[in-house]
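In: Sequence first, then the predicted structure, then my questions.
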Amino acid sequence: MIKENEIKKLFEEDEIQNAIKKLGEKLNGIYKDELYVICVLKGSVMFTVDLVKHLTMPVKMEFIRLSSYGSGFTSSGKVSAVDIALPDLNDKDVLIVEDIIDTGHTAKFLVDFINHNFKVKTLKFCSLLDKKIKREVKIDPDLYAFEVDDKFLVGYGLDYDGYYRNIPYIGYIEKA
Ligand code: IMP
Ligand code: MG
C-alpha cells in the first residue's frame, strides 16, 4: 500500500468545495423542476453528496454501481454493471454525476443504457474531473470542474485498489 505522504497534492479540500459550489450554482440556473441525480458508485459518492447540498430544485437521488477499473492504474475499457436498478426515468430531467471521465467508456455505457431504457426529458453528464487526454470514446461531460493530466489520482472518492477514497483532497501517485 502506498503511504499517504507519497501522495502528491493536486486539489486542496477548499478548492474542490469552491468548484462544487460553482457547479451547483450552474445547475440551479439550468433546472427549476424535479431533477434525478444519479450517483455512480463508488467513486462519485463524495462529489454527489457535496454537490446536491447546493441544489435548490426538488432532487431525487439514485445510486448505481458500475465498475471499469481493476486494481491497476489503467482503465480496462470494459464496463460492468454491478447494480444498475433505476426508477422510471421517462420524461424526467436526469443528471449523471461522476468523479472522473477518463477513457469515456463508463460514461458512454451509462448514457446508452439510459437512452435505451427510457425516453428521458433531458440527460446531462456532470463530472468533477475530466482527463480529456485519455479519451477513447467520443463523449464529453456537459459540466466539469477540473481538467486533469494523465496522472493516477486518488482521494475524494477516487481509489487505488480500494484505498484512499476517504482522503478529503485529491492527489496523485506516481506510476511505477
Ligand atoms: P473511464 O470508463 O475510463 O472513463 O473511467 C471511468 C472510471 O474509472 C471513473 O469513474 C473512476 O472510477 C475510474 N478512474 C479513472 N481515472 C482514475 C484515476 O486517475 N484514479 C482512480 N480512478 C480512476
Ligand atoms: Mg467512477
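Out: Alright, I've got the coordinates. Ligands and ions are numbered 1, 2, ... in the order given.
In: quick one: the strands in the chain?
Out: For the chain, the strands defined by DSSP state E occupy 8-11, 35-41, 59-69, 75-83, 93-101, 122-130, 143-147, 152-154, 170-173.
In: I'd like to know which elements the longest one is packed against.
Out: Spelled out, it's strand 59-69. Packing contacts for strand 59-69, counted by 3 or more C-beta pairs under 8 Å, 6 or more residues apart in numbering; DSSP states H and E, involve strand 35-41, helix 45-52, strand 75-83, helix 105-117. Heads up, the C-betas are built off the backbone N, CA and C, glycines and all.
In: Please state the offset of the last one from the chain centre?
Out: Going by C-alpha atoms, centre = their mean, to the nearest Å, the spacing between the C-alpha centre of helix 105-117 and its chain's C-alpha centre is 14 Å.
In: what's the spacing between G24 and V148?
Out: Counting by C-beta to C-beta, to the nearest Å, the gap from G24 to V148 is 20 Å.
In: try V40
Out: V40 is 18 Å from V148, where distance means C-beta to C-beta.
In: Which one's more surrounded, the two?
Out: A count of neighbours by other C-beta atoms under 10 Å puts V40 above the other of V40 and V148, at 25 against 21.
In: so that one makes contact with E98?
Out: Yes. With contact defined as C-beta atoms under 8 Å, V40 and E98 form a contacting pair (5.1 Å).
In: ok, back up a step: pipe the strands of the chain into a markdown table and attach mean pLDDT and distance to D112 per row.
Out: Below are the strands of the chain laid out as a markdown table (pLDDT from 0 to 100; distance: least, C-beta to C-beta, whole Å):
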| stretch | mean pLDDT | distance to D112 |
| --- | --- | --- |
| strand 8-11 | 97 | 30 |
| strand 35-41 | 98 | 14 |
| strand 59-69 | 90 | 12 |
| strand 75-83 | 82 | 10 |
| strand 93-101 | 98 | 12 |
| strand 122-130 | 98 | 11 |
| strand 143-147 | 98 | 20 |
| strand 152-154 | 96 | 25 |
| strand 170-173 | 96 | 28 |
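In: between these, which gets nearest to L51?
Out: Among the strands of the chain, the nearest to L51 by C-beta to C-beta is strand 93-101 (6.4 Å).
In: ok and that closest one relative to strand 143-147, angle-wise?
Out: Here strand 93-101 runs at an angle of 10 degrees relative to strand 143-147 (axes from the mean of the first three to the mean of the last three C-alpha atoms, to 10 degrees).
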